[in-house]
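Novice: Any chance you could fold what I've pasted below:
(chains A and B)
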Amino acid sequence: MSSTASRIIETMERPPAPARQWTGQRIAGHVFMGFWVLAALGLATFLAGAWDSELFARYAPNYVSGLIVTIQLVLISILLGALLSAPIAYARTSRNKFLAWPAYAYVYFFRGTPLLAQTFLIYYGLGSFRPQLEALGLWTFFREAWYCAVLAFTLNTAAYQAEILRGAVQSVPRGQWEGAASLGLHRFQTLQKIILPQALIVALRPYGNEIILMIKGSAIVAIITVYDLMGETRRAYSRTFDFQTYIWAAVIYLAIVETLRNIIDWIERRITRHLKR
Amino acid sequence: METTLKLLGFGAEGWGDEIASGVLVTVSLALATLPLGLAVGFLIALAKQSQERSLRLAANIYTTIFRGLPELLTLFLVFYGVQLGVQRLVALFNPGATIEINAFVAGMVALGVVFSSYASEVFLSAFRAIPRGQYEGGYAIGLSTWQTMRLVVLPQLVRIALPGLSNLWLILLKDTALVSVIGLSDIIRQSGIAARVTKEAFLFFGVACLLYLVLAIISSIAFGFIERWAGRTEPAR
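Specialist: Reported below is the predicted structural model:
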């Protein structure tokens, strides 16, 4: 069979693939990529040229402690914010006007104003009420920049997380509630066993983005003298006037954010396995 | 109450005029950044959906970097880094000359790159929502690539991307608060000065927050109009 075919038709080489043309896009892509490669090389030579082991030995521990402060700040405020967000989200969806309106105002205020302004309002602004706070015994709390930062970040992220939670719970179809009710499940049981597992799939990506936003946003606490990663960076720069201090901070922030993003992607792929076809 | 009004009033004793100039700086910075960010973001989105691999990769690197860095750090990198770079460049030709980078321009560039990297994602998902047939229809009636883009794709793109872009605008408006750190007299800086002089920190930072809220409310009203304008040609469903 094959011998007949090969007798009639000579074996032929496959024609070579046509050469890819230099389209405008391809040129633009190579120029753009070349720019990144040059930038990376420039950065590498700059860092290699500016390498100073004494500087490194002196400031690396500061960067580590700054990083720990950043992570602590984000972790504490995300967790406290999550606790606070549940009642806010509940109030926001409530039919009772006296619950819904204050919750709406809270969310609107904290989402509509810059985190920096909120932090200043709490750290500097509450200083105006020092006698009253002293009388209440709260002054030791509001005197510390760290506590003020945690408070401001918690209140801020609670507003965002409340919206995420509300959106996720409302994305679950009504039929799920009705089905659970017809099975005789209690409202709380329904929420816990039927609604939340479905809502959390929807909420995962916004939650992940919120954590990333908090990590990036946490850099502003450096302005109110909390020595987080950014604060340590500014301190190192103000002492050495060496620009590589900022570049190292950029590298660390980028590494954290990219790692987190990949972890979130992985979790999302993992928990939506049953939805893939 | 009277002293509060006096402090917020215009004129020599009140801080109203100073804070109003701060509002002007904030709004003009945000408005100046918007076209820059939109244009760059659109180009990056085009690059991301190109068939050329190197272009896609380069555009993705851009987004990864500027979405991953804290805005404040980007601002410092631009403000100090560009200053250092330009100074070195100038020193090659004219040693001894010093160059100062304008804080407004630095803020515009830093906020612009951040805005554009987010905007490119919004544009990209809007591009993906437009069916292939729209392009093919455009080509079939003899429109060029550019005409298809301008007359067929863009009107639909704007409509799809508007909600995402309005979100980004509100984020941009809030991010302008950061430029107070590099010495630009925006709302935060002016109210900070007022707070330090008058020792009425809560009042002035509260006013600053309210001003941002007012700006956000005005923006959402404006976006309502724009959305109605963009949706006027939308077929009824």
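
Novice: contacts, neighbours, all on C-alpha from now
Specialist: Will do.

Novice: In chain B, where is pLDDT below threshold?
Specialist: Applying pLDDT under 70 to chain B flags residues B:1-2, B:11-12, B:97-98, B:234-237.

Novice: Which other helices and strands does whichever strand or helix holds A:G34 contact?
Specialist: Using DSSP states H and E, A:G34 sits in helix A:24-49. Judged by 3 or more Cα pairs under 8 Å, 6 or more residues apart in numbering or on different chains; DSSP states H and E, helix A:24-49 is in contact with helix B:53-68.

Novice: got the buried residues for the helix it packs on?
Specialist: B:53-56, B:58-60, B:62-68 (16 or more other Cα atoms under 10 Å in any protein chain shown).

Novice: What lies in contact with that helix?
Specialist: With Cα atoms under 8 Å, 6 or more residues apart in numbering or on different chains as the test, helix B:53-68 has contacts from A:25-26, A:28-30, A:32-33, A:36, A:216, A:253-254, A:257-258, B:44-45, B:47-50, B:74, B:113-114, B:117-118, B:120.

Novice: so where's the longest helix in chain A?
Specialist: helix A:53-93 (DSSP state H).

Novice: Ok, chain B next?
Specialist: helix B:16-48.

Novice: mind listing what B:G85 touches?
Specialist: By Cα under 8 Å, 6+ apart, B:G85 has no neighbours at all.

Novice: With only the CA atoms kept, save the helix or strand hosting it in CSV.
Specialist: Assigned by DSSP H and E, B:G85 belongs to helix B:83-93. What follows is helix B:83-93, C-alpha atoms only, in CSV (Å, rounded to 0.1, in the frame of the first residue of the first chain):
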residue,chain,number,x,y,z
GLN,B,83,16.0,64.0,39.0
LEU,B,84,19.1,62.0,39.5
GLY,B,85,19.1,60.7,36.0
VAL,B,86,18.5,64.0,34.4
GLN,B,87,21.2,65.6,36.6
ARG,B,88,23.7,63.0,35.5
LEU,B,89,22.8,63.5,31.9
VAL,B,90,23.1,67.3,32.1
ALA,B,91,26.4,67.0,34.0
LEU,B,92,27.8,65.2,31.0
PHE,B,93,27.4,68.3,28.9
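
Novice: What is the neighbour count of the residue of the stretch 51-200 of chain A found nearest chain B?
Specialist: Using Cα to the nearest Cα, the single residue of the stretch 51-200 of chain A nearest to chain B is A:G125, 3.6 Å away. If you count neighbours by other Cα atoms under 10 Å in any protein chain shown, A:G125 ends up with 23.

Novice: Contact partners for it?
Specialist: A:G125 neighbours (Cα under 8 Å, 6+ apart): B:200-203, B:205-206.

Novice: Assign B:G14 to helix, strand or coil.
Specialist: coil (DSSP: H, G, I helix; E, B strand; the rest coil).

Novice: from memory it sits against B:L8, does it?
Specialist: Yes - using Cα atoms under 8 Å, B:G14 is in contact with B:L8, at 5.1 Å.

Novice: which one of the two has more residues nearby?
Specialist: Applying other Cα under 10 Å to B:G14 and B:L8 shows that B:L8 carries more neighbours, namely 20 against 17.

Novice: pretty sure the more buried one is touching B:S191, no?
Specialist: No - with contact defined as Cα under 8 Å, B:L8 and B:S191 do not form a contacting pair (10.4 Å).

Novice: Domain ranges for chain A, per the record?
Specialist: Residue ranges for the domains of chain A, per automatic domain parsing: A:23-49, A:53-275.

Novice: where among these is the average confidence lowest?
Specialist: Lowest mean pLDDT within the domains of chain A: domain A:23-49, at a mean of 88.

Novice: Spell out which residues of the stretch 1-150 of chain A are next to chain B.
Specialist: A:25-26, A:28-30, A:32-33, A:36, A:109, A:112-118, A:120-121, A:124-128 (Cα under 8 Å from any Cα of the partner chain).

Novice: Now restrict the residues you listed to buried residues only.
Specialist: When those are checked for burial by 16+ other Cα under 10 Å, the buried set is A:25-26, A:28-30, A:32-33, A:109, A:112-118, A:120-121, A:124-128.
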